[in-house]
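Peer 1: structure for the following, please:
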Amino acid sequence: MVRLSPAQHSGLIQAFSEIVDSLDVLVIDTATGIGEPVVSFIRAAHEVLVIVCDEPTSISGAYALIKVLNHEHGMKRFRVLASMESNPLEGQSLFAKLIKLTDHFLDVSLQYAGAIPYDEYVRNAAQTRRAVYERHPRCKCSKAFQEVALKADAWPLLGAPRGHVEFFVERLVSHSKR
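Peer 2: Below you'll find the predicted structure:
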């Protein structure tokens, strides 16, 4: 998808509006970075969940993404999910590091969405080309994904889109309310 032209990328986003009858929530896992395809998908979302692990490149990449979305696109609210943590306290500590950076340099609001632990079962599932939750539903990583999904299901819906390319999300929300 990184190689799509801007017109093809817009067409793909618009195509999402055609699948609103068959889903309640659409999750888009973008590539890492701040390229136009990534930013375009993020701008089309009602919720932005930034996934970060406690490594310098991950932290700086998450910060850079939040900064670009804030400064260039006026986005101010982000949820943060800590990944590959050995315990829940590490996830909260990582979130605190990111908060310290953003509070000092940006006008944004970060909300902690939880932590996904490091789990060897993820690697095993990837080797079999299956989702970890499907392959190992009782492992600690799958349980953490389930907790995050339950939290996300309770997030309040925004009243209206932010005015970006969110037309497909707006239609999805209005359709699911009917």
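Peer 1: would you map the helices across this structure?
Peer 2: Along the chain, the segments classed as helices by DSSP state H run 6-15, 36-43, 56-73, 88-105, 120-127, 132-135, 140-153, 167-177.
Peer 1: so who does Ser58 touch?
Peer 2: If a contact means CB atoms under 8 Å, 6 or more residues apart in numbering, then Ser58 has Val52 as its contacts. Yep, even glycine has a C-beta here, placed from its N, CA and C like the rest.
Peer 1: for it, give its distance to His46.
Peer 2: 24 Å (CB to CB, to the nearest Å).
Peer 1: one more: Asn124?
Peer 2: Going from Asn124 to His46 by CB to CB gives 33 Å.
Peer 1: and Ala149, by the same measure?
Peer 2: Ala149 is 16 Å from His46, by CB to CB.
Peer 1: neighbour count winner among the two?
Peer 2: The neighbour comparison of Ala149 against His46 (other CB atoms under 10 Å) goes to His46, with 18 against 14.
Peer 1: got phi/psi on the more buried one?
Peer 2: The phi/psi pair for His46 (degrees, to the nearest 10) reads phi -80, psi -30.
Peer 1: gap between it and Thr30?
Peer 2: Taking CB to CB, one finds His46 at 15 Å from Thr30.
Peer 1: hang on, the earlier thing: tabulate the helices of the chain (JSON lines), appending distance to Arg79 and mean pLDDT.
Peer 2: Output for the helices of the chain, formatted as JSON lines (distance: least, CB to CB, whole Å; pLDDT from 0 to 100):
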{"stretch": "helix 6-15", "distance to Arg79": "21", "mean pLDDT": "72"}
{"stretch": "helix 36-43", "distance to Arg79": "12", "mean pLDDT": "78"}
{"stretch": "helix 56-73", "distance to Arg79": "11", "mean pLDDT": "93"}
{"stretch": "helix 88-105", "distance to Arg79": "10", "mean pLDDT": "93"}
{"stretch": "helix 120-127", "distance to Arg79": "21", "mean pLDDT": "92"}
{"stretch": "helix 132-135", "distance to Arg79": "20", "mean pLDDT": "93"}
{"stretch": "helix 140-153", "distance to Arg79": "8", "mean pLDDT": "93"}
{"stretch": "helix 167-177", "distance to Arg79": "15", "mean pLDDT": "45"}
